[in-house]
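Asks: Quick one, what's the 3D model for this:
(one chain, ligands or ions: 1)
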Amino acid sequence: MLLPIGLESDPNSSSGVPSSKNPVDLATSQLSLIMSRLPGIMWTTDKDLIITHMSGAGLNLLNRTPQEYIGRHLAEITESQNLSSIGITEHLKALDGKIGHYELAVDRRELEVTVQSLLDEQGQIIGCVAFAIDITNQKEAERALAYISDRMILLNRVISLASSSLNVHKVLEVACQELAQTFGVPQVAAALFDKNRFEGEVVAEYLAPGCVSALGMKIPLRDNPLNEELIRSKNPVFVKDVSKEITVQDVQSILHERKTVSILIVPLTVRGEVVGSIGIDSHTPRDFLQDEIELAAAVALSVSQALDNSLLHQQLESQNERLASLVENRTAELQRVNERMTAILNGSSDAIIFTHNDGTIRNANEAFDLLFRYAPDEAFSSPIENLAEPPFDQLLIDTLRTAVQTGEAQRLTIMARRKDGTTFDADVALAPVPVTQNVSGGTVCSLRDITQLKEVERLKDRFVSTVSHELRTPITGILLGANSLHQHYARLSDTQRLEIIRRILDQSTSLAELIEGILSLSRFDLQRHRTEVMRVDMLQTVEAIVEEFRPAIQNKHLVFELDTPSKPILTRGSRLDFSRIWRNLIDNAIKYTDEGKKVSVVLTMIDTTDSSHLDELTPPDLPVGVYVVGRVSDSGRGIPAEDLVHLFTRFYRGNAAQSNIPGSGLGLSLVKEILTYYRGKIDVKSEPGQGSTFTFWLPADTEEQPL
Ligand code: ADP
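Replies: Numbering: from 1, shown residues only. I've put the predicted structure just below:
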């Protein structure tokens, strides 16, 4: 803390050092001595602020000697300075007994002054004493620092905006504003050049109030020496007085309009090409210092970065858009292919699975789930062997491995096993899927249920063996008879020959019947898929067949009854099929009934919806409705109970096989086939020795339409 200093002024001291007559002078002289060693300045004033003393090593920094100050009013040396009034105030404070501080600029030096009261021996304030230290260098350093800091702030703002924003116009606008503020100019404009650098367009600017906007203004670049130089050199260009500069003649009118006197133009460069510029205009003649030009160039560089980023972003965006649409198209295509594949796979009646190379199931279609009775995706990850019954499980996996190793499709038949353990015959096709860029490899395996095929095969085998067996008997008979005639013709009597010929004829008839039966059945099998269904009048049909058998009935002297209604009895189907039913039943009744006995044929209709009329003609196990009923009864030999259950089995003839009555055992099978096809039924009742009654039902055609 500074204490008030007692001092007696000595205006006569030419050196400015007080005489050492008293302790105060002594103190002053000691202080002067100290000050002469320090780089500061000390001075004293009287109460009127007239400088009475000045000393100190710091005086060397000033251009004047102490004598030039002594005797002058403090205001004189500080008058020209802004701080003068503050200095005076602070000295007045010291005259009031307080300590004052202020900064003083004098002779181009800057001083920091502390001022306090100067006391006489009695402790009365007689003036001020001031200590000043030279802070010129410190101030300059501070200003330099502030200048750098300002520029750093400016650059920082522009850089951070430039690096964070893709809005080029916004970045340019901020850059213009910051540059205008930093350089203290009224207008800064940024222009972007066209691709061919034919002309530029002002796209952002900063304008002080009252300035003319340049937004949207076109700046010619060709034949414009200043801009050509800018584009060529890629360096800032500077014109101090545009009115005198030949290089700006072409844009003179623009500059004139904008009242531009001095202009600094910095290029905006993206990837080595000048794509725009920033013009910093001054309305007064102005020199741009090198570091100012560098600063403007640094700002332009940051803006260029933003331009580059934005360009990159635009490219990325369009690239992204292209990619997105590519991905979209590809995805849609894949989706379509996938949907098509799924539709094909699910539309297939075969079970189809995809497996890995080791046989693990990785996908299956709906038909697989249905056929093997798995829930969707339930079979996922199970080994393919699970789908086959031993020993086919091993065969299946071995065949899959062969397909994978050889790259060739394989085929096999297995006994397949469902999830619930039930089995069926399956035809399996295994095709290897080679490993490609997009496919991991494995096999496609299709499994087809061939139970029916197998059954048909079994039936066919049985049929062929039965037919061969049945055909062999009459053929052997015919051959034997013919052979006897041939070998022993001369030795045989006429009666014997006739007997042999009769046997040959019987066997031939049997053979013919057998062949006819087989042909009828196979014809029916073939024909039923293309039979044209039409209205058939059963009355006409039965009457025609009865007429066919009239001669046979008469030959056997049978009592024949035909009981039919007087109106048509309609059903739907093929007349040929219905004729076969009647023919077989009436033929059997005549065949298996001895001469003179009775055969009767009944044709009627029954409506089972009306239960009051139900009787023995009611069809068993048929839905309620209107039915055509046909019945053929005879009082012939009858059928033993053990034969009844087999009557409709192909080639089954029961005890008739041992009789002389010709037959093939196929007639009733055909009748049953036909009735089943037309959703009808047949029933037989028989008492051996009493006779048999065959009754059949067919759905009636009740539509009231004329025939
Ligand atoms: P078949 O050509 O032998 O007559 P069907 O299939 O017509 O063959 O008849 C099968 C068997 O049913 C006959 O062989 C016979 O034993 C018995 N059968 C059929 N109809 C009658 C009937 N009306 N009376 C007695 N037995 C009959």
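Asks: And the protein, split by domain according to the record?
Replies: Here the domain parsing of the chain from automatic domain parsing is 3-134, 149-315, 348-445, 455-514, 531-699.
Asks: Average pLDDT for the first one, rounded please.
Replies: To tie it back to what came earlier, the one meant is domain 3-134. The average pLDDT within domain 3-134 is 75.
Asks: that older thread, could I get the domains of the chain as CSV with distance to Ser522 and mean neighbour count?
Replies: (Glycine included, C-beta is placed from N, CA and C.) Below are the domains of the chain laid out as CSV (distance: least, Cβ to Cβ, whole Å; neighbours: other Cβ atoms under 10 Å):
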stretch, distance to Ser522, mean neighbour count
domain 3-134, 131, 18
domain 149-315, 78, 18
domain 348-445, 25, 17
domain 455-514, 10, 14
domain 531-699, 10, 17
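Asks: Tabulate those domains in JSON lines, adding columns for distance to Val337.
Replies: Below are those laid out as JSON lines (distance: least, Cβ to Cβ, whole Å):
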{"stretch": "domain 3-134", "distance to Val337": "85"}
{"stretch": "domain 149-315", "distance to Val337": "32"}
{"stretch": "domain 348-445", "distance to Val337": "12"}
{"stretch": "domain 455-514", "distance to Val337": "38"}
{"stretch": "domain 531-699", "distance to Val337": "44"}
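Asks: and Phe131, what element?
Replies: Taking DSSP states H and E as the definition, Phe131 sits inside strand 125-134.
Asks: same question, Tyr627
Replies: In this structure, Tyr627 sits in strand 626-634 according to DSSP H and E.
Asks: what's in contact with the strand holding Phe131?
Replies: By Cβ atoms under 8 Å, 6 or more residues apart in numbering, the residues outside strand 125-134 that reach it are 4-5, 7-9, 35, 38-47, 49, 52, 56, 58, 61, 91, 94-97, 104, 109-120.
Asks: hang on, the earlier thing: mind checking the pLDDT average for the next helix or strand after the strand holding Tyr627?
Replies: Using DSSP H and E, the helix or strand that follows strand 626-634 towards the C-terminus is helix 641-644. Helix 641-644 comes out with an average pLDDT of 92.
Asks: before we move on, what SS does the residue nearest the centre of the chain have?
Replies: Geometric centre of the chain, nearest residue: Thr331, 5.9 Å, by Cα atoms, centre = their mean. Following DSSP: H, G, I helix; E, B strand; the rest coil, Thr331 is assigned to helix.
Asks: quick one: it from Asp120, how far?
Replies: Look at Thr331 and Asp120: by Cβ to Cβ, to the nearest Å, they are 102 Å apart.
Asks: Skipping adjacent residues, who's closest to Arg411 in space?
Replies: Of all residues not flanking Arg411 in the chain, Ala429 sits nearest, at 5.3 Å (Cβ to Cβ, 6 or more residues apart in numbering).
Asks: what helix or strand does that neighbour sit in?
Replies: Using DSSP H and E, Ala429 falls in strand 423-433.
Asks: partners of that strand in the sheet?
Replies: Partners of strand 423-433 in the sheet, by DSSP bridges, are strand 410-417 (antiparallel), strand 442-449 (antiparallel).
Asks: In TSV: those, plus distance to Glu513.
Replies: Below are those laid out as TSV (distance: least, Cβ to Cβ, whole Å):
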stretch	distance to Glu513
strand 410-417	39
strand 442-449	38
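Asks: what's the closest of those to the ligand?
Replies: Judged by Cβ to the nearest ligand atom, the one of these that comes nearest to the ligand is strand 442-449, at 33.0 Å.
Asks: So what touches the closest one?
Replies: 348-357, 359, 362, 368, 371, 384, 387, 400, 403-404, 416, 424-433.
Asks: Repeat that for stretch 380-391.
Replies: 353, 355, 358-364, 372, 379, 393-397, 400, 414-417, 423, 445, 447.
Asks: please redo it, this time with the cut-off set to 7 Å
Replies: Contacts to stretch 380-391, defined as Cβ atoms under 7 Å, 6 or more residues apart in numbering, come from residues 355, 359-362, 372, 393, 396-397, 400, 414-417, 423, 445.
Asks: Quick check: which of those residues has the minimum pLDDT.
Replies: Ranking the contacts of stretch 380-391 by pLDDT puts Arg362 at the bottom, with 89.
Asks: quick one, what contacts it?
Replies: Here Arg362 is in contact with 354-356, 380, 442 (Cβ under 7 Å, 6+ apart).
Asks: Quickly find the element holding it.
Replies: With secondary structure defined by DSSP H and E, Arg362 is part of strand 361-364.
Asks: mind listing what's buried in stretch 132-143?
Replies: 132-135, 139 (16 or more other Cβ atoms under 10 Å).
Asks: closest to the ligand among those?
Replies: Once Cβ to the nearest ligand atom is applied, the member of the buried residues of stretch 132-143 that ends up nearest the ligand is Lys139, at 135.8 Å.
Asks: and the residue in the stretch 251-400 of the chain that the ligand sits nearest to, which of the three is it?
Replies: Nearest residue of the stretch 251-400 of the chain to the ligand (Cβ to the nearest ligand atom) works out as Ser349 at 36.6 Å. Under three-state DSSP, the three-state class of Ser349 is coil.
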